[in-house]
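Undergrad: got a predicted model here, sequence first, then my questions.
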Amino acid sequence: MRDLNKIIINKINLKNKNNFALIIGSTPSKGARSPTLWNSAYKHFKKKTKMFPADVKENNLGELCNYLKSNKYFLGSSVTVPYKEKIMRYLDSIDDNAKSIGSINTIVNKNGKLFGLNTDYLGSISTLKKIKIKKSKQKILVFGCGGAGKACIVSVMNYFKNSQIQLFNRNGAKLKKFVKKVKIKNNNSIKAFSNL
C-alpha cells in the first residue's frame, strides 16, 4: 500500500492500528475546524480515533480514494471545496438524493467500499419532519441554489406531495439548469425565478 503522505500535500502521522477520519479538500489544513471538533469528541469518548485534514491535488483524488478503500482503519471523511462534485466518480456508490443534488460532503467506508452522501440533505429533511407541516397542497418557497440550497430543494421536492414549489436564485441560468437535471418524483409543480 502506498504511503498516504505521498498522495496528499500536507503530512499526517497515522498511528498503526488506530481508526482515522479525514477532511478532504484542496487546503483543509489551513483552517478547517472539523478536526478540532471531532478530535475533542473522540478524546471525550475515549476513542483511539483521530481526524486529519488531507490537502490533495485534483489529479490525486482517485489514488487517495483507492488508498482509503484499502486501509481498514479508515472510517470516513468530510469533503470540502473544491471536490464535492469531483470526488463522486471515485466512489463505489452514492446515495440517490446526493446524486440528485449533484454533490456529496461525506464519505463512509463500508468494508472497503466508499459510500457518498450529502448531510445537508439529511439535515434539511430531518428538520421538515420535525416541524410536522402537512405534506400535500402546500405553497413552498426556497431561496438559493448553492450547495445547501440544492440539498434543501431536493428535500422539499421529496417531502411535500402535490405542492407548488417556487424556487428563487440570483443566477437564473444556474437554477434552471439544476431544476432541469433534478427528477421530480411527485405531482409537484415547480417554478423557478431569478432577478437576472
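TA: Done, it's in. Numbers count the residues shown, from 1 in each chain.
Undergrad: from now on I want contacts and neighbour counts done on CA atoms only, so please keep to that.
TA: Will do.
Undergrad: hmm, what's the outermost residue in the protein?
TA: Centroid-distance maximum for the chain: residue 137 at 29.9 Å, with C-alpha atoms, centre = their mean.
Undergrad: wait, that one sits on residue 186?
TA: No - assessed by C-alpha atoms under 8 Å, residue 137 is found out of contact with residue 186, at 11.7 Å.
Undergrad: list the residues that contact both of these two?
TA: Shared contacts of residue 137 and residue 186, defined by C-alpha atoms under 8 Å, 6 or more residues apart in numbering, are found at 161-162.
Undergrad: report the contact partners of the closest residue to residue 92 other than its chain neighbours.
TA: Once flanking residues are discounted, residue 92 sits nearest to residue 114: 5.3 Å by C-alpha to C-alpha, 6 or more residues apart in numbering. Applying C-alpha under 8 Å, 6+ apart to residue 114 gives the contacts 65, 69, 91-93, 107-108.
Undergrad: go with 7 Å
TA: Residues counted as contacts of residue 114 (C-alpha atoms under 7 Å, 6 or more residues apart in numbering) are 69, 91-93, 107-108.
Undergrad: by neighbours, which of the residues you listed wins?
TA: Counting neighbours by other C-alpha atoms under 10 Å, the top entry in these is residue 107, with 26 neighbours.
Undergrad: in which helix or strand does that residue reside?
TA: Assigned by DSSP states H and E, residue 107 falls within strand 106-110.
Undergrad: now the strands for the chain?
TA: For the chain, the strands defined by DSSP state E cover 19-25, 49-55, 74-79, 93-94, 106-110, 113-117, 139-143, 164-168, 189-193.
Undergrad: direction included, what does the fourth one pair up with?
TA: In the sheet containing strand 93-94, the strands it pairs with under DSSP bridges are strand 113-117 (parallel).
Undergrad: next one: the partner strand to chain centre, how far?
TA: Relative to its chain's centre, strand 113-117 lies at 10 Å (C-alpha atoms, centre = their mean, to the nearest Å).
Undergrad: pull out the buried positions in the lowest-mean-pLDDT helix or strand in the chain.
TA: For the chain, scoring each helix and strand by mean pLDDT, DSSP states H and E identifies strand 189-193 as the least confident one, at a mean of 88. For strand 189-193, a neighbour-count test (16 or more other C-alpha atoms under 10 Å) marks 192-193 as buried.
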